[in-house]
Every structure is written in C-alpha cells, then in structure tokens.
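Asker: coordinates only, sequence not included:
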Ligand code: HPA
Ligand code: ZN
C-alpha cells in the first residue's frame, strides 16, 4: 500500500450515505438464503457477481431488491448491520448515518419491528464494542405511492427515538420529490430531519424540489446540480451538504469515468461535499475505496482529503460537542501524519 492509501485508511471520517441493504455481500446472501429457505436465481457466488454489471440505476435496483429478499428474521438484520459496523471500524469510520428501506421488507411480509429491532440491536453493539456511533435514516421508496410511505411513517412513530431522519430513494426518473410533499411535511412535524436522493439520474429540478418542497437538510448525490448555475450558487451560499458516492456513480453510468467525476469541481465551487459508499457490496468498494478512487483519478491533495473528512463530520447529524470532538481527532491525525507525506501536503 502506498503512503496516501495508508493515510486514507487511518483518516478519521464519517459515512453519511450508506444503504444497509447494499452492504449484503454475496457470501452472507447465500448463507441467509440457505438458512431461511429462500431461493436465489444464481447457482453460485461467481454467477451472482457476474450479474453485477449494471446499465443504470433501475438495473441495479432489480438485483438489490432480489438480494435483500434473503433478509427475513431479526437475526438477519442484526448480522447484516454488525458486519457493516465491523468493516466501518476497520476503515476508521467513526460515525455512520445509515439508510434502511422498510417498505422493501414489509412489502414481502417481514414486520417493521423485525427490521428495526435487528438493525438497532447491532447499532447499540457497534457503539459499545467498536466505538462506532450511528444514526438511522428511514427511506421511502419513491417508485411506490405516497399513501404507502404514509403508512410506513405511521409504523415508524413508535420508534421515533431510534430514527433520526427520513429519506427518499429507489427509482428516481419519473418520481420527483414533489410526489412526497405531504409525507415529508408530516415527518418533519413529528420531529424527523429530512434528506432525499435527488440529482443522481434525475435533473437539477429534482434538487430544487427536494430543497423547496421537502425542505431537506442534505441532498443525497445531487451531482446534476452543476447543470444549474443558480442552484449551484444556492448550495454554495447555504453550505447545504451533498453526499456523493463516486464508485456508485461510476458503476451506474452516472459519470463516464472517474477522471470526469465532478467532486473536485464541486469543492472548488465551495459546495459542502462528502464522499460515501452507497451500496458497497454491489459497487466494488467501501468508504476507503471511494476515497482512494477519487484521490487517484482527480489527484486530490492531503489538504483536500482533510477537507472531505472534515465535511463528513460537519454534514452529520451529530450534536456540536460530539462533532467537535471528532473534528479535533481528525485535525490531530492530519497534523501528525501529513508532514511525512511531502511539501505543503501535496502528493504529486
Ligand atoms: N439511488 C437510489 N436508490 C437507491 C440507491 C441509489 O443509489 N441505492 C439503494 N437505493
Ligand atoms: Zn443511495
């Protein structure tokens, strides 16, 4: 491993865009299928992985929903979440804000309580045994009707203390944020924060809707914002965070190659951007692989990596004392490690 790769490995950071169902690795998927009597249409792990060749978001979502059908019991949701948290610890992820998709489980007969109990129990263990703190974001599936989301919100009210925010994910095109105006208004009135996927495959107009109709405090993806100069200025002026997912963008054909990823341009335009992994079991890497991919393709400096990690804490839902403590830990790490990496913190 080269010096910058090692620097990234130990860099204290937060992950803010991670679908827990997207961390289901092929091995555990087959094990859970066997123990739950669920049939998968693949004869082997190799055959499954060969299918991970996605043309676009919908292509991926088909496999994503089929894969998660092996999650049936509380233990499955616990194991899934626990495996991610262990991985996070190894990658120096000190805090994670984790999406889950209850409708993708309740829609096939798994109880809401089974899902949230398993995930929550793992999060408690993660905090206690691994020192990784976490918050949960409940996503509504945008390809379903708003009524369905409203019923899901009803179920979530009993678990308010375990869920920090609501989000919006799944198939974007044809499902603008405005479709979910009422359920987001109600969620906010009930005290949930709001975020939404917008501007991944969909246009900049969807980012406007997420801001002005759903009143989100963070945009997931949002890379199409650059198509609209007025939107870009607004995001810069308000420093409203965006959670970018470089390897996901590459694998879903949202960018043509990594050197054309807009992350660096967005930083230069003063947007508060963060690096995240989205669905790491499907997109070829966890958080550090995402940092490495953009560092290499865009020639990011130590100073820029430091800014990205700082942004991850600034953009989090942590209270000010915890956020400041983690930023202090980050600054201390960079102060100790950066000098050995070369002049002015520049790698190349
Ligand atoms: N976009 C939309 N919905 C999703 C994604 C994504 O990248 N991953 C899991 N659900
Ligand atoms: Zn996502």
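Answerer: Noted; the coordinates are in hand. These numbers come from a predicted model, not from an experiment. Numbers count the residues shown, from 1 in each chain. Ligands and ions are numbered 1, 2, ... in the order given.
Asker: which parts of the stretch 101-250 of the chain sit against ligand 1?
Answerer: By CB under 6 Å from any ligand atom, the part of the stretch 101-250 of the chain that sits against ligand 1 consists of 169-170, 197, 200, 248. Quick note: C-beta positions are derived from backbone N, CA and C, even for glycine.
Asker: can you map out the strands along the stretch 151-300 of the chain?
Answerer: Under the criterion DSSP state E, counting those that start in this stretch, strands of the stretch 151-300 of the chain are mapped to 165-169, 193-198, 218-221, 242-244, 273-275.
Asker: picking that back up, let's have the residues of the stretch 101-250 of the chain next to ligand 1 in a markdown table, adding distance to residue 137.
Answerer: As requested, those are exported to a markdown table (distance: CB to CB, whole Å):
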| residue | distance to residue 137 |
| --- | --- |
| 169 | 10 |
| 170 | 14 |
| 197 | 11 |
| 200 | 16 |
| 248 | 17 |
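Asker: identify, from the residues you listed, the entry nearest to ligand 1.
Answerer: Compare each of these with ligand 1 using CB to the nearest ligand atom and the shortest gap goes to residue 169, at 3.6 Å.
Asker: quick check: that closest one touching residue 19?
Answerer: Yes. In this structure residue 169 lies within contact range of residue 19 using CB atoms under 8 Å: 7.1 Å.
Asker: common neighbours of those two, please.
Answerer: Residues within reach of residue 169 and of residue 19 at once, by CB atoms under 8 Å, 6 or more residues apart in numbering, are 99, 101, 139.
Asker: in TSV: these, plus secondary structure and pLDDT.
Answerer: Output for the shared contacts of residue 169 and residue 19, formatted as TSV (DSSP: H, G, I helix; E, B strand; the rest coil; pLDDT from 0 to 100):
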residue	secondary structure	pLDDT
99	strand	99
101	coil	99
139	strand	99
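Asker: identify the farthest-apart pair in the residues of the stretch 101-250 of the chain next to ligand 1.
Answerer: Farthest apart among these by CB to CB are 170 and 248. That separation is 14.0 Å.
Asker: returning to what we had before: please pick the buried ones from the residues of the stretch 101-250 of the chain next to ligand 1.
Answerer: Burial by neighbour count, judged by 16 or more other CB atoms under 10 Å, picks out 169-170, 197, 200, 248 from these.
Asker: export those residues as JSON lines, with columns for pLDDT and distance to residue 237.
Answerer: Putting these into JSON lines (pLDDT from 0 to 100; distance: CB to CB, whole Å) gives the following:
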{"residue": "169", "pLDDT": "98", "distance to residue 237": "27"}
{"residue": "170", "pLDDT": "98", "distance to residue 237": "30"}
{"residue": "197", "pLDDT": "99", "distance to residue 237": "22"}
{"residue": "200", "pLDDT": "98", "distance to residue 237": "23"}
{"residue": "248", "pLDDT": "98", "distance to residue 237": "27"}
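Asker: pick the one among those closest to residue 265.
Answerer: Closest approach to residue 265 among these (CB to CB): residue 200, at 16.9 Å.
Asker: so that closest one touches residue 253, yeah?
Answerer: No. Residue 200 lies out of contact with residue 253 (CB under 8 Å); the separation is 11.0 Å.
Asker: OK, contacts around the nearest residue to residue 284 once chain neighbours are set aside?
Answerer: Counting by CB to CB, 6 or more residues apart in numbering, the nearest residue to residue 284 once its immediate chain neighbours are dropped is residue 247, at 5.5 Å. Listed by CB under 8 Å, 6+ apart, the contact partners of residue 247 are 277-278, 280, 283-285, 289-290, 293.
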